[in-house]
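# dropping a prediction and its sequence here:
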Amino acid sequence: MPDLVTHFTVAYCFTRPARWARFRVIFYLGTILPDLITRPLYILFPSTAYYVYSLHSPIMIVIVSLLISQIFERNIRRHVLLFLLLGTALHFVLDLLQKQVLDAYYWLFPFSWKTCNLGLFWPEDALTLLPVWVCLIIIVESTIQFRNRSSSWTSLK
């Protein structure tokens, strides 16, 4: 799976516009939620890995997202659920793009134990691309700062 930094960086690029500001953190949580649920379990209990992988499926994440959204005040629960699900959707898209040696993602669990991936990159390739992600964030931030400065200069004229 892409590492958490890659998931976060891609999410950051999506949520940089100001209209995302209110629920940006919830979106970030959704982006890393499948790994937060599964990684500690199969690291601590390797013999349960086959079962833990089923938690890394869309239907299980929807259930977890529904539970998490109930923690929040009633008037924002729908928004929290929406942004959690959007974040997890982005997570699953990135996971779908990678190659796997073994079965890892059961997209249709509990209806099927079959898995499929597009196989565009290996999981460890994400770490070699880390400098690219950092440069991408720097470019995005620099562009936004430049635009803000330019618009403030034109408003002063």
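Sure thing, it's come through.
# how are the strands of the protein distributed by residue range?
Along the chain, no segments are classed as strands by DSSP state E.
# give me the distance between the closest residue to I144 other than its chain neighbours and V140.
Residue nearest to I144 in three dimensions, not counting chain neighbours: R16, with 6.8 Å by C-beta to C-beta, 6 or more residues apart in numbering. (Glycine included, C-beta is placed from N, CA and C.) When C-beta to C-beta, to the nearest Å is the yardstick, R16 and V140 sit 6 Å from each other.
# cool, I71 as well?
With C-beta to C-beta as the criterion, I71 and V140 are 31 Å apart.
# where does the protein have low pLDDT?
1-2, 5, 99-109, 112-127, 151-157 (pLDDT under 70).
# go ahead and flag the most central residue of it.
Per C-alpha atoms, centre = their mean, the C-alpha nearest to the average position across the chain is that of T31, at 2.0 Å.
# surely it touches F8?
Yes - in terms of C-beta atoms under 8 Å, T31 counts as a neighbour of F8; the distance is 6.4 Å.
# buried stuff in the lengthiest helix in the chain?
Longest helix in the chain, counting residues (DSSP state H): helix 130-156. Buried residues in helix 130-156, counted by 16 or more other C-beta atoms under 10 Å: W133.
# having no further points to raise, I will conclude here.
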